[in-house]
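**Student:** Quick one, fold the following:
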Amino acid sequence: MHMLHDAMAVIEPYIATYGAFAVFVIIYFEAFGAPLPGESLLVAVSAMAARGDINLTYALVAAFCGAVLGDSTGYAIGHYGGRPLLLRYGQYIKLTPERLAKIEGIFRRRGMWIVIGARFLAFLRQFNGLIAGSMAMPWPRFFMANAIGAAAWVLVWGLGAYWATDTVEAFFKR
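**Tutor:** From the prediction side, this is the model:
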């Protein structure tokens, strides 16, 4: 709980000043690898919206767009440069060409589910697009899974936290 409070103290002034644009920028950069606090941001935005300090709809749309575009940027980087780098430097992380081929096979069979589910896991969320692009996941499949995963993630952490805030406040007001 203390970490969430600290994250909110850092994030809140940016959201208060720049609104949904700040939400978009932070989520965009987090989605393609920057170590930024995505869930904490959405929870903070939800709390601010519950107080009436920000428009929740605009913030959640900005988060969705940032997530989809950030992962798409990561996908493009992975698609155009990731595989050669993995082949060249993969040996340093024990990624042989045989293991890479096996991972690519898994992505061909289960890539949609991997991309959707990775949105909810901190490290994977930040490298989701990069990995999918490097694994040659077809763009239309990636984009669909990316949009579904981003929508679910934003709704769980944004709208879910907003509803929870209302419920908790109502409980303590009794």
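
**Student:** So which residues of the chain form helices?
**Tutor:** 2-18, 20-31, 38-51, 56-77, 83-89, 97-118, 122-134, 139-154, 160-173 (DSSP state H).

**Student:** Show me the shaky parts of this structure.
**Tutor:** 1-8, 165-166, 168-174 (pLDDT under 70).

**Student:** ok, now with 90
**Tutor:** Scanning the chain for pLDDT under 90 picks out 1-19, 32-54, 78, 81-111, 118-119, 121-131, 134-137, 158-174.

**Student:** hang on, the earlier thing: the helices of the chain into JSON lines, with extra columns for mean neighbour count?
**Tutor:** Every residue, glycine included, has its C-beta placed from N, CA and C. Shown next, in JSON lines, are the helices of the chain (neighbours: other Cβ atoms under 10 Å):
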{"stretch": "helix 2-18", "mean neighbour count": "13"}
{"stretch": "helix 20-31", "mean neighbour count": "22"}
{"stretch": "helix 38-51", "mean neighbour count": "22"}
{"stretch": "helix 56-77", "mean neighbour count": "22"}
{"stretch": "helix 83-89", "mean neighbour count": "13"}
{"stretch": "helix 97-118", "mean neighbour count": "15"}
{"stretch": "helix 122-134", "mean neighbour count": "22"}
{"stretch": "helix 139-154", "mean neighbour count": "19"}
{"stretch": "helix 160-173", "mean neighbour count": "12"}
